[in-house]
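Peer 1: Here you go, sequence then predicted model.
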Amino acid sequence: MLAAQAALAQAVPTLLVPADSRSLAMGGVVLPKDASKLDVQAFYGMWAPNSANNSVFGGDVFFRVSKRVAVSVEGRYFADKPYDVTTAQGQVTGTFTPNDFFAGAGVSVGFSDTFGATLKARYVSSAIAADAKGGAFCADLSVDYKGAIAFVSAGVRNLGTQINYGGASYALPAMAAVSGGVRPVDGLTVGAEVDYLFTGGLMAGLGVEYTIVDIVSLRGGFHYGDPAKAVPMYASVGLGVKFAGVHLDAAFLTASQTLGNTLMIGLGYAF
């Protein structure tokens, strides 16, 4: 990931990683929140353990203030594997762990029972070396439709300032995104998403979720991504368990040399 930043003049590719275990298990398709009042969750993941070997953890809170207004807050921390810091003479003076940190808040407003808009603002902090650290601001903006059977969202993500590590400035991975899905029968959700990065990369995802008696959810998906500019191709499987408002979700990635054996687990409470 960090090598791709330097080669493509695009920083903080971790902004493209879905932190929600449910979405990740469905090929990276971003899904609307189902909670009628509150959804709070924490998550932990081992991202690309065969290559980048990142650890990711954080959490988010979604709270519906009224029938047509909801607010959210989020925080994420990605840590890469540490490396030795050496002098020009080759003497090891310590270690450094490259990391990315995001913190943000958002608001969703319903114009009617089915149409609305969502705005999220986020601060990004990134450190790729002890003397190469930077910060930036970005935002997501979307127009959303949510009906009884279908849902659609279209907008832009990660649109904001460039990040400077002490020398040249690099663009964040901004993109246009369209996602949607249908619930043709009770318990079944089929979703899809297409993302176009402004640097020219393309991503797409397709996912399926089937929930049994509103307790156990089986998930699977496929994600396509430009290996040079976006999240690479992978297949995903996942499991969710929900009881008395508590939900436990897990996602596992396979069929990818880069992202194989990635595991994400989320624990939350919603009502």
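Peer 2: Nice, thanks for sending it over.

Peer 1: Can you name the helix or strand that the nearest residue to residue 40 once chain neighbours are set aside falls in?
Peer 2: Closest residue to residue 40 in three dimensions, ignoring its sequence neighbours and counting by C-beta to C-beta, 6 or more residues apart in numbering: residue 61, at 4.7 Å. All C-beta spots, glycine's among them, are computed from the backbone N, C-alpha and C. If you go by DSSP states H and E, residue 61 is part of strand 54-64.

Peer 1: In its sheet, which strands sit next to the helix or strand where residue 126 lies, and in what direction?
Peer 2: Assigned by DSSP H and E, residue 126 belongs to strand 115-129. The pairing partners recorded for strand 115-129 under DSSP bridges are strand 99-110 (antiparallel), strand 132-146 (antiparallel).

Peer 1: could the ones you listed go into TSV alongside distance to residue 263 and mean pLDDT?
Peer 2: Converted to TSV, the strands paired with strand 115-129 look like this (distance: least, C-beta to C-beta, whole Å; pLDDT from 0 to 100):
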stretch	distance to residue 263	mean pLDDT
strand 99-110	19	98
strand 132-146	26	97
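
Peer 1: Touching, residue 248 and residue 269? I think so.
Peer 2: No: Residue 248 lies out of contact with residue 269 (C-beta atoms under 8 Å); the separation is 10.5 Å.

Peer 1: so where's the stretch 1-150 of the chain uncertain?
Peer 2: 1-9 (pLDDT under 70).

Peer 1: could I get the strands paired with strand 115-129 as a markdown table with mean neighbour count and distance to residue 35?
Peer 2: Converted to a markdown table, the strands paired with strand 115-129 look like this (neighbours: other C-beta atoms under 10 Å; distance: least, C-beta to C-beta, whole Å):
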| stretch | mean neighbour count | distance to residue 35 |
| --- | --- | --- |
| strand 99-110 | 18 | 12 |
| strand 132-146 | 17 | 13 |
